[in-house]
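Student: Build me a model:
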Amino acid sequence: MGFQQGLSGLNAASKSLDVIGNNISNASTVGFKQGQTQFADVYANSLNGSSGGTVGIGTKVSGVVQQFTQGNISTTNNPLDIAINGGGFFRMSTNGAITYSRNGQFQLDKQGNIVNAQGAQLTGYVANSAGVLSTGAAAPININTADIPPAQTAIINSVMNLDSRKLVPGTQTPVAIPPVITPTAFSPTDPTTYNSSTSIAVFDSLGNSHVVQSFFVKVDNLNAATPPTAPATIEWDVFATVDGVLIAGTGATTNSIGRIGFDNLGKLTVATPPFAATDPKAFKLTVPVGTGAVTPINTTVDIKYDFTGTTQFGSDFSVSKNTQDGYASGKLSKFNTAKDGTIVGSYTNGKTAVLAQVVLANFTNPNGLQSTGDNQWIETATSGNALIGPPNSGSLGTLTSSATEDSNTDLTGELVNMITAQRVYQANAQTIKTQDQVLQTLVNLR
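Tutor: Alright, predicted model coming up:
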């Protein structure tokens, strides 16, 4: 009789409708992977092992398989939201219990941990204070919101052009041939005693800023007792003030901090006194500080003042580079996640630092994962062991910050499937009705 076949068909169609309904209900669930109902026919075992001419006894649901295809990527306003583009799962930890998810909606808890809505912590590689990642075992990611410490200035790099047409500041005797120039004593408050100047802010060990203003004064080599031999060397004295106070340097001229020389092609040849034998185009700038900063126990900061690349051509004075490597302390203002999972923090002092790196996990058989709800799966013997690594490596996809992965449910397709499943259900119900009519006819025989 066809009751068994019709009943199995009703059960299978009902199960299919359940799966379709679940897919439709999760069409807006971030990271959801739609399910697909798979069926198998059913035959009764024969005593003699022969199945020829045997009529099947219906159908059954052989499995509900999730489709791990890529969902669309949608941007959000939350910098902590992360979308996976490609293979892999986020590795989550709840009190040491590991789960896996494609839902990248994250937030910070009060301890600075990156967590999902259920409180599970995102795991990855944590960076130390120097920004070096510990790429051993993955651990819950904690964002360190402490201020980044200051760094004392160690080097100033200045690249400029000093105008070779400039005369030595001073009084010139017009009738003398060659003209005799009587240099005037340098004064930072008298622009007639220097040719050019530039300034830059430097930092002590506590991150306090100090303004260093440098002054450049052309030196009269023509009046030297022994004129320079070819190629002639044209020199410039360098003076400096710190926060408006003149530095008593150790250069060739009183109070100068050093001297730089150029050949007759305008190229820098030497800085005197040199910072070191390996740095002939730099000299030491000793900056006094009065803010309690120590290096480690004194009241001065020694800086390498490097002029490499500076020229002396017949054109106006210009500065093409004037940088230093120190900075003040800074507060964490924001952070974002790169494609490779690296979480980079931006600080109010303009600096950036690596805070952590998100890891992903993949499986040989993702369909072997066991769903636990809340957009999470757990590892099983069927799925195989998790293969953990940084994004964009191996079979793992890349990450997109401030974005989430939409459900991969095809709403139009599911509505069509629902119509089909409904017709299948009706058809199986019709077979039962027909079989009932046949049985009723048989019972009514006299």
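
Student: What's the end-to-end length of stretch 260-280?
Tutor: 10 Å (Cα to Cα, to the nearest Å).

Student: show me what contacts the nearest residue to residue 250 once chain neighbours are set aside?
Tutor: Excluding the flanking residues, the one nearest residue 250 by Cβ to Cβ, 6 or more residues apart in numbering is residue 273, at 6.9 Å. Yep, even glycine has a C-beta here, placed from its N, CA and C like the rest. By Cβ atoms under 8 Å, 6 or more residues apart in numbering, the contact list for residue 273 reads 250-251, 258, 283-284.

Student: can you check residue 66 too?
Tutor: 33-36, 366-367, 371.

Student: Out of these, flag the one nearest to residue 110.
Tutor: For the contacts of residue 66, the minimum distance to residue 110 (Cβ to Cβ) is 29.8 Å, reached by residue 371.

Student: For burial, what's the neighbour tally of the closest one?
Tutor: Using other Cβ atoms under 10 Å, residue 371 is surrounded by 13 other residues.

Student: quick one: it is in a helix?
Tutor: No: counting by DSSP: H, G, I helix; E, B strand; the rest coil, residue 371 falls outside a helix, being strand.

Student: Tell me what the closest residue to it other than its chain neighbours is bridged to.
Tutor: Leaving aside its sequence neighbours, residue 371 sits nearest to residue 377 (Cβ to Cβ, 6+ apart; 5.5 Å). On the basis of DSSP bridges, residue 377 is bridged to residue 100, residue 371.

Student: Could you shift the numbering so residue one becomes 407, and keep it that way?
Tutor: Shifting the count to begin at 407 puts that one at residue 783.

Student: residues near residue 783, how many?
Tutor: Residue 783: 22 neighbours (other Cβ under 10 Å).

Student: circling back: please pick the buried ones from the contacts of residue 679.
Tutor: Neighbour-count burial (16 or more other Cβ atoms under 10 Å) applied to the contacts of residue 679 gives 657, 664, 689-690.

Student: Is it correct that residue 813 is in contact with residue 434?
Tutor: Yes: Residue 813 is within contact range of residue 434, at 6.5 Å (criterion: Cβ atoms under 8 Å).

Student: what about those two, which has more around it?
Tutor: Neighbours were counted for residue 813 and for residue 434 using other Cβ under 10 Å; residue 813 has more, 21 against 11.

Student: Which residue comes closest to residue 594 once chain neighbours are left out?
Tutor: Distance criterion Cβ to Cβ, 6+ apart; nearest residue to residue 594, sequence neighbours excluded, is residue 647 at 5.1 Å.

Student: Give me the local confidence score for that neighbour.
Tutor: Residue 647 is assigned a pLDDT of 93 by the prediction.

Student: Give me the below-cutoff pLDDT ranges for the stretch 657-806 of the chain.
Tutor: Within the stretch 657-806 of the chain, the ranges that satisfy pLDDT under 70 run 696-705.

Student: 80 instead?
Tutor: In the predicted model, the stretch 657-806 of the chain carries pLDDT under 80 at residues 657-658, 695-707.

Student: The stretch 407-556 of the chain too?
Tutor: Where the stretch 407-556 of the chain drops to pLDDT under 80, the residues are 407-410, 450-462, 535-536.
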